[in-house]
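S.K.: Coordinates for the following, if possible.
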Amino acid sequence: MHGDMLASARAAYLAAQGRGGMSPLAAYRRLRKAHDYIAWNNFSGDGDNNLVILDYRPPTPVTNASLPAHFLYGLNTKHIDSVVSRGILIVKHGRMTTVNEDKIRQFTLKQTERLWRKL
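M.R.: Purely as a prediction, here's the structure:
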C-alpha cells in the first residue's frame, strides 16, 4: 500500500492490458475521478487550495493527445517539486517544509540499525 496515485494509475492500466485493455486516456480519466472518490467518502483535504507543481522535462512533446500517456509512462513522484495543501506550502523544491527531514532520517537510520541487531 502506498500513496502514489500515479503508480496506482499505471498499475491499473497495465493490469487492464491482460483483461481486454484500457487506453491511456481511460486510465487518466480514472485517476482524475479520485476527487469524486474523496468527496463521496467524506475525506477532507481535497479542494481549491491544493496544487502540485511538477518538474517534468518530457522526452517527447506533450499534446492533448499524448498527455494521458505522459501521466502513465513519464511522470512519477520524483517529478514533484512543490505541493500546496489547503493553501499551505508543505513541499518546496522536493523537501518537506512542515518537518525536519534530516532529523527524521537520522532517527530512522538509528532505529533500523537497532532492529537489525535484534534480528
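S.K.: mind listing what residue 34 touches?
M.R.: Residue 34 is in contact with residue 5, counting by CB atoms under 8 Å, 6 or more residues apart in numbering. Any C-beta I mention is one placed from the backbone N, CA and C, and that applies to glycine too.
S.K.: where's it relative to residue 106, distance?
M.R.: According to CB to CB, to the nearest Å, residue 34 stands 34 Å off from residue 106.
S.K.: Now do the buried residues in the lowest-mean-pLDDT helix or strand in the chain.
M.R.: Ranked by mean pLDDT, DSSP states H and E, the weakest helix or strand in the chain is helix 34-40, scoring a mean of 82. Residues of helix 34-40 classed as buried by neighbour count (16 or more other CB atoms under 10 Å): none.
S.K.: Return the distance of whichever helix or strand comes after it from the chain's centre.
M.R.: Using DSSP states H and E, the next helix or strand after helix 34-40 towards the C-terminus is strand 51-54. Using CA atoms, centre = their mean, to the nearest Å, the mean C-alpha position of strand 51-54 is found 10 Å from that of the whole chain.
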